[in-house]
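Participant: Got a predicted model here, sequence first, then my questions.
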Amino acid sequence: MSKVDQVRGVLRNLIIESQAPYTPDIIVRHFRATHERRLSSNELLHLLATISQKRPNFQTVITEVTHILKTSVFRSSSLGVFHIPFLPRKDPMYALLVFVERYSCEDSHLKVEMPSPTTQSSTGSPVSAMSSLSMVQCASTRSLSDDSAIHTMSQSISTSTPMNYRRSESFPVLYTGALCGRRNQNLKLYHQKQKNDPERADLSVIKERVLMAVSSSSKTSDRRLGSTEVGSTKSSVRIKTCNSFLMAVTCLPDEYRTHMLWDYCKVEGNKMVKPELGALPFASQQQVLLKELFHCLCGTRGNFIVPLPPDMISTGIAKYETNFNIHVHLDKSLTEPLQDILPLASYFMGIQKMMAATDGHGQVINSLNAALQDLTQDFYVLVVQSEKELQQQELTVHKLLYYLEPTIWVMKEIWTTLVDVQLKEFVGAAVLTHLHGRIKRLEGDGAAQQIMINLTHQAAKPYMRMLQLWIQKGVIVDRNHEFLVEDNEVVHQGELPEHYSDDYWEKRYTVRRDRIPFFLEKYSDKILRTGKYLNVIRQCGKRVMPTQKMELHLDPTNERHVYVINDAYYFAARMLLDVLLTENDLMGHLQSVKNYLLLNQGDFTMQFMDACEDELSKNVDLVLPMTLENLLGLTLRLSSARNDPYKDDLHCELLTYDLVTQMSKIMNHKEEYWQSQDRLDLSGLECFAFTYEVKWPVSLVLNHIAISKYQMLFRQLFFCKHVERQLCKIWKENSIAKKFSAQAAELYRSAFTLRQRMMNAIQNLEYYMMIEIIEPNWHIFIEKMKKVENVDNVLGLHQDFLDSCLKNCMLTESSHLNRAIFKLCKICLKFCDFIQLETSLDPTDTFSERIKLFDLEFTGLLISFLKQINNMAKKNTSDRFMNLVHRINFNGFYSDQMEKLCVKDAMG
């Protein structure tokens, strides 16, 4: 008697005793029915009570079975025709087994050998149900100390629900309906069980113990039937081999296999008689073949269509292909259409493999897998519909091929696309770019193109949600680092470092070029600026409230998302521009900077230089910054600048380097080099500069770098203005020479001539910088500022204004003209010091020779300076340097000497 007959034998004895109108098969069928067709718990209890009411322990057994049935709660979620239990511990079939076990001890015809009471067995049995409408993989894990015999009898009885989902109560499972399952989560549970209970971790050990119990139970009955123990041993070896195969394919025991990834794994269960295919007529062959083909399409191993073992070392596209062996006795007219259908099974299973392999690889991949799950569900519906037609005897292999041909084409395209994604390890934006490119290549295949459009739309949903948050709220929610904008913020708003505004606009938010989908590449800079604008507005304490919230979705057939991006951009740009220009008066601040740092406020500049001349003439180490601040405040309130609302933002600064050093530091970023140099012996005048401090968000425009460029222009203008004042001063002091005799005054004539040439050069240099360079560029800047549309335009125009002024004022490292200007000013100051310190008016050769030396040195420096300007003007005619040459050499006084110098250079 088989193990199934053991259960039916107990039921048959009870039915005979009670004279109930049932058969054992009817009772087993009721308890094995699916959730939809199953009788209610009360009806099942009534059935058991009817056949066992004459037994003495009737009430005790019925109470126990009642408890089992009442606590067995299921939630069936249908995916095609799959019924998935939700947190079940026991099911009605288990209640029937408990019922039979309780009465089996009283039945002399049925003996079940029980294991030792000190042994707790955890059994798991892979059971195969041979129906394509309910393909279930059974590998249960239970721990029952007193119910081992029940599990022994259940080895050959498939229950109504898959046993591999009956988890321990300590590991609750939330069914999400995901096609690929959660392999990573299952793996964690597997290792956690191994750690907590090593005996329960190895499913193969559990199965071996169960088989030993079954073998012990079978020995008694087999002896009566004259059988041997060989069958039991072979069964044990076969199941262990099967388990090893499962682990080799999936790297996990079958208990933790995902509920949809079958991959033609071998599972043990009820053995059906394998018909002789060659002995069957054509019609019967076709029926058998179609049934097995449906199993094959869904990943279940059959008898006549056998998948070849996977090659574990295969790489590339072959890793996701499945090849099949067809039974040699199959009719040739069925083989050819079958070979056309089998690639569909390979494509479908390859898709399932790739979905399982990429699960959890980012939001875009997960969303794509969810869309593929919907297609899988549709595929199962197609299989069910075909099988229904088979049951009605209306389906043939050729007809099935006709039905499946469109699906084969679509599946092949999806499979090819996913293989490229898998082999090239695309994630995030790269996946979207790849899908978008496939759409363009499917112009001739409408069905496949529509499927690819839907997949792209679904896969892009998480990316488009991130994009919508960024362009409408300025927020980045990117756990997997897939979004095109990266936030580099490392400090809180209250802990901002010095000169934070310098780097904010360029470095706080940056674009990751490798994370941009192809369809957003043209708009990446606009997307970046939109979120940056919103963040600046938020940091100003303003609420970011778009005029209308528009949902952002990707539709590859149109560019509606572009309109949403543009609307968000223009809203943010207008709002931030209003904050800067209206609420924070950016233009008023820029005008104040021009008045003070570009010497546009003439009376203030003269009064300040008069007040600070003595203090700034000292060595920089002896200058008191507090004294300069007090003199600055006094001058601001005595001059016309007292009406400026932003005069208090102006401050004094003593730098530790001269203008040439600062220029190299700002233009070439050589901070480390200059910090390593020894401190120069500089005067306060050479190190002095104004600085202008503003608050956020004006500091975005007037940041530290912009103020440093203003300081470079200021220091050159301020130094030239100081030289002019010194030359004017010696002119006043030497006016007494008019009272000298003609012979005595002759000695000073050359000195006065040299002083006038110096004055002409310095004044024309100042006029050129202030009137011909700064004022025209400022006018252009103001006119363009009236038409700006966003903050980036403001920053660009302001940057262009400063760069143009620096270049034409010869304050670029490449020209070296600023060094020539500095030397000219230095020789002028030395000349002034010599004249002021000369007290003897007697005619001597020493005074005359010194004046000649100053003349030669100044003339040589000036001619060299003019020659450099000529050379630069030849290379770039757009610069205005030649205007300075014409102003200084207005009467051609230096032309002959310049030509002689050019000839001398040409002759070597």
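Facilitator: Sure thing, it's come through. These figures come from a predicted structure and were not determined experimentally.

Participant: ok, now which ones touch F426?
Facilitator: 420, 434 (CB atoms under 8 Å, 6 or more residues apart in numbering). C-beta: built from backbone N, CA, C; applies to glycine.

Participant: Just give me the neighbour total for T50.
Facilitator: Using other CB atoms under 10 Å, T50 has 16 neighbouring residues.

Participant: next one: phi and psi at the nearest residue in space to it that is not next to it in sequence?
Facilitator: Leaving out its chain neighbours, the residue that sits closest to T50 by CB to CB, 6 or more residues apart in numbering is A20, at 5.0 Å. Backbone torsions for A20, taken as degrees, to the nearest 10, come to phi -80, psi 150.

Participant: Count the neighbours of A20 for me.
Facilitator: Neighbourhood size, A20 [other CB under 10 Å]: 16.

Participant: mind checking how far it is from I68?
Facilitator: Per CB to CB, to the nearest Å, A20 is found 21 Å from I68.

Participant: do F822 as well
Facilitator: Per CB to CB, F822 is found 100 Å from I68.

Participant: Looking at the two, which is more packed in?
Facilitator: I68 (19 against 16).

Participant: so that one sits in a strand?
Facilitator: No - going by DSSP: H, G, I helix; E, B strand; the rest coil, the assignment for I68 is helix, not a strand.

Participant: if you skip the residues just before and after it, what's nearest to it?
Facilitator: Nearest residue to I68, sequence neighbours excluded (CB to CB, 6+ apart): A95, at 4.3 Å.

Participant: Show me the shaky parts of the stretch 401-550 of the chain.
Facilitator: Within the stretch 401-550 of the chain, the segments meeting pLDDT under 70 span 490-505, 545-549.

Participant: Need the per-residue pLDDT for the residue nearest to T50.
Facilitator: pLDDT, A20: 85.

Participant: going forward, begin numbering at 283 instead of 1
Facilitator: Let's use 283 as the start, then, which means that last one is A302.

Participant: Identify the residues contacting it.
Facilitator: 296, 332-333 are the contacts of A302 under CB under 8 Å, 6+ apart.

Participant: swap the cut-off to 10 Å and go again
Facilitator: The contact partners of A302, taken as CB atoms under 10 Å, 6 or more residues apart in numbering, are 293, 296, 309, 329, 332-335.

Participant: Now a ChimeraX select for only the buried ones of the residues you listed.
Facilitator: Here is the ChimeraX selection string for the buried members of the contacts of A302, based on 16 or more other CB atoms under 10 Å:
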select :293,296,309,329,332,333,334
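
Participant: out of the contacts of A302, which are inside helices?
Facilitator: In this view, the contacts of A302 that belong to helices under DSSP state H are 293, 296, 309, 329, 332-334.

Participant: Could you count how many residues lie near the closest residue to V588 other than its chain neighbours?
Facilitator: Spatial nearest neighbour of V588, chain neighbours left out: N607 (4.7 Å); criterion: CB to CB, 6+ apart. N607 sits with 10 neighbouring residues when counted by other CB under 10 Å.

Participant: State the three-state secondary structure for N607.
Facilitator: Per three-state DSSP, N607 ends up strand.

Participant: Let me see the contact set for it.
Facilitator: Contacts for N607 (CB under 10 Å, 6+ apart) come out as 586-590.

Participant: With D613 instead?
Facilitator: If you count contacts by CB under 10 Å, 6+ apart, D613 has them with 559-560, 562-564, 567-568, 571, 620, 679.

Participant: I1044 now?
Facilitator: Taking CB under 10 Å, 6+ apart, one finds 1001-1009, 1103, 1106-1107, 1110, 1170 in contact with I1044.

Participant: is it possible to export those residues to a markdown table including pLDDT and neighbour count?
Facilitator: Converted to a markdown table, those look like this (pLDDT from 0 to 100; neighbours: other CB atoms under 10 Å):
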| residue | pLDDT | neighbour count |
| --- | --- | --- |
| F1001 | 92 | 21 |
| C1002 | 94 | 23 |
| K1003 | 94 | 18 |
| H1004 | 93 | 21 |
| V1005 | 93 | 25 |
| E1006 | 92 | 18 |
| R1007 | 92 | 15 |
| Q1008 | 91 | 21 |
| L1009 | 90 | 22 |
| I1103 | 89 | 23 |
| L1106 | 91 | 22 |
| C1107 | 92 | 21 |
| C1110 | 93 | 26 |
| I1170 | 83 | 21 |
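
Participant: Helices - which of those residues land there?
Facilitator: 1001-1009, 1103, 1106-1107, 1110, 1170.

Participant: how far out from the middle of the chain is stretch 311-319?
Facilitator: How far stretch 311-319 lies from its chain's middle: 49 Å, per CA atoms, centre = their mean, to the nearest Å.

Participant: buried residues in it?
Facilitator: 312-314.

Participant: Equivalent analysis for stretch 1036-1043, please.
Facilitator: So, applying 16+ other CB under 10 Å, buried residues of stretch 1036-1043: 1036-1037, 1039-1041, 1043.

Participant: which residues touch that stretch?
Facilitator: The contact list for stretch 1036-1043 (CB under 10 Å, 6+ apart) reads 1002, 1005-1006, 1008-1010, 1012-1013, 1016, 1030, 1103, 1106-1107, 1109-1111, 1113-1114, 1117, 1133-1134, 1136-1137, 1140-1141, 1143-1144, 1147-1148, 1166, 1169-1172, 1175-1176.
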